[in-house]
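> Any chance you can model this:
(one chain, ligands or ions: 1)
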Amino acid sequence: MLASEVFERKFTINSSGHLEIGGCDVVELAQDFGTPLYVLDEAKVRANCRTYREALKGVYPNYEVVYAGKAFLTQAMCGLVYQEGLGLDVVSGGELYTALQAGFPAERINFHGNNKSRAELLMALKNGVGRIMVDGLMELETLIQLARETKTQPQVVLRLKPGIVVHTHSYTQTGQEDSKFGLGIKDGVAMKAVKIALASPQIKLLGFHAHIGSQILDVAPFMAAVDVLTAFMAEVRTQTGFVAQKLALGGGFGIAHNKREKPLALWETVAQIGRYARERLTALHYPLPRLVLEPGRSIVGPAGTTLYTVGNIKRIPGVRTYLAVDGGMTDNPRVALYQAVYEGVLANKMNEPLTEVVTVTGKCCESGDTLIWDLPLAAPEPGDLLAVFDTGAYNYSMASNYNRLPRPAVVLVADGEAELIVRRETYEQLIQNDLMPERLKVKPETEPIAK
Ligand code: LLP
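The predicted structure is shown next:
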């Protein structure tokens with residue numbers, strides 16, 4: 001069996017039997033840029049952006065697609081999504097800074113987060129960020145006060161908690177009652193927030209938002225969110241006369257990291273949600289607000305591949321074979337955190353039969369540092385190149401320096417050209433924030449205090 005027969009994905013294999021991404025031989029990428037290396041396929045990112053926009057085009061008159069930067073945010077990524085006509089969702093001063101440094105127009109940025117600091121809110125106000133997505137009553141009060149102090153009038157969208165439980169990993173459920181995110185509808189907190197916002201000339205209420213979770217592989221919860229939000233909007237109109245200009249339904253559209261996960265058919269799902277939102281609003285005789293979707297993973301996840309060099313292989317007879325690579329939970333913490341299941345191949349042996357089942361581990365000092373369990377590979381040897389797929393989202397953005405491993409580089413590939421968009425971290429950078437008090441300086445001539 002070949003990898004192309006085992007995995008349900010399309011591979012481009014060149015005449016050397018090497019995997020190609022974006023027209024680039026990945027073995028050459030590894031030689032040129034080193035490993036571990038994140039490879040981002042520009043055409044795929046662009047195509048995913050367009051799918052959202054075009055799927056909504058036919059079904060909803062007034063819409064906006066906002067890329068959730070937490071999935072993967074660098075300045076180059078900001079440039080890419082800008083070119084594709086998307087807005088940007090940021091959740092911290094750091095993400096906002098990245099976007100502003102990239103020249104991303106502040107007006108097209110939405111600022112999310114359940115605990116934005118005063119400094120972060122001030123940064124947003126000072127830079128004219130388009131919309132503050134308010135997550136709680138305390139934040140609303142703080143924002144009103146800061147707007148008064150700075151003589152600004154921020155546009156506000158209230159994040160609601162629709163009380164919907166989605167079937168995804170519990171760490172990525174966000175719409176249920178027992179969640180740290182959003183203003184509860186059932187407990188009346190959301191309505192209270194609406195009334196406070198409407199009574200405050202310092203802010204301008206635009207509408208409502210919900211994000212029910214991530215890696216959702218079923219369309220029904222999105223429909224349920226439309227039901228809850230539109231019903232709430234109608235109730236607000238009855239009680240206050242306020243008519244929303246924005247209805248934001250969050251992100252969360254799942255992708256397939258392996259052949260057991262059945263991905264949402266993106267185009268159809270997006271169109272279905274747009275159509276349903278329009279129907280519900282029309283049934284309520286509600287003027288159509290601007291519909292906002294906020295995808296992260298589905299834009300960038302399938303566009304990313306991580307390349308690793310195979311190192312030591314440990315064959316434990318009757319137990320299993322551990323194949324270690326030069327990265328691990330530091331560049332992909334999703335396996336340890338969410339038990340995510342990835343697929344990979346030996347990119348330098350694409351035409352060779354799969355002969356051995358191995359467990360791919362990283363190089364961290366943790367038994368939980370496993371990347372893939374029971375992966376069939378083509379006669380693996382040290383020095384081979386392992387490509388792990390669908391690592392574009394929540395990998396680089398969640399990477400750490402555990403064990404003082406430098407974060408990998410990111411290379412953007414398109415039409416046979418490769419361009420570095422994030423440099424590999426250096427050892428110097430690993431210690432650049434360390435401070436060495438004089439009294440702790442290691443002087444070879446002085447003896448240790450304790451022997
Ligand atoms: N909008 C809001 C308000 C969000 O909180 C998120 C993700 C998104 C949009 C984008 O969701 P996406 O389309 O990417 O599913 N680290 C986890 C995922 C956490 C998602 C957090 N919020 C993981 O690696 O699975």
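> residues contacting the residue nearest the centre of the chain?
Nearest to the mean C-alpha position of the chain, counting by C-alpha atoms, centre = their mean, stands Ala71 at 1.6 Å. The contact partners of Ala71, by C-beta atoms under 8 Å, 6 or more residues apart in numbering, come to Gly296, Arg297, Ile299, Val300, Gly301, Gly392, Ala393, Tyr394, Ser397. C-beta here means a position set from N, CA and C on the backbone, and glycine is covered the same way.
> tell me which residues of the helix ranked longest in the chain are tucked away?
What stands out as the longest helix in the chain, according to DSSP state H, is helix 220-240. For helix 220-240, the neighbour count (16 or more other C-beta atoms under 10 Å) marks 221-226, 228-230, 232-234, 236-237 as buried.
> Alpha carbons of the worst-scoring helix or strand of the chain on mean pLDDT, as CSV, please.
Least confident element among the helices and strands of the chain, by mean pLDDT, DSSP states H and E: helix 3-6 (a mean of 90). Provided in CSV are the C-alpha atoms of helix 3-6 (Å, rounded to 0.1, in the frame of the first residue of the first chain):
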residue,chain,number,x,y,z
ALA,A,3,0.4,6.6,1.3
SER,A,4,-1.8,7.8,-1.6
GLU,A,5,-4.0,4.7,-1.2
VAL,A,6,-4.2,4.8,2.6
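> Show me what the helix or strand hosting Arg50 is packed up against.
Using DSSP states H and E, the element containing Arg50 is helix 42-57. If you count contacts as 3 or more C-beta pairs under 8 Å, 6 or more residues apart in numbering; DSSP states H and E, helix 42-57 packs onto strand 63-68, helix 75-83, helix 266-283, strand 290-293, helix 297-300, strand 409-414.
> Point out the most buried one among these.
helix 297-300 (a mean of 30; mean count of other C-beta atoms under 10 Å).
> tell me the angle of the helix or strand that that one is followed by relative to strand 409-414?
Downstream of helix 297-300, the next assigned helix or strand under DSSP H and E is strand 304-316. Angle of strand 304-316 versus strand 409-414, following axes from the mean of the first three to the mean of the last three C-alpha atoms, to 10 degrees, is 120 degrees.
> pLDDT on strand 304-316, on average?
For strand 304-316, mean pLDDT rounds to 98.
> again with stretch 249-263
Mean pLDDT, taken over the full extent of stretch 249-263, equals 94.
> how about that stretch, does it get close to the ligand?
Yes: residues of stretch 249-263 contacting the ligand under C-beta under 6 Å from any ligand atom: Gly250, Gly251, Gly252, Phe253.
> still on that earlier bit, for the longest helix of the chain, packing partners?
Here helix 220-240 touches strand 155-161, helix 189-198, strand 204-209, strand 246-248, helix 266-283, going by 3+ C-beta pairs under 8 Å, 6+ apart.
> and it with helix 266-283, angle?
Counting by the same axes, to 10 degrees, helix 220-240 lies at 30 degrees to helix 266-283.
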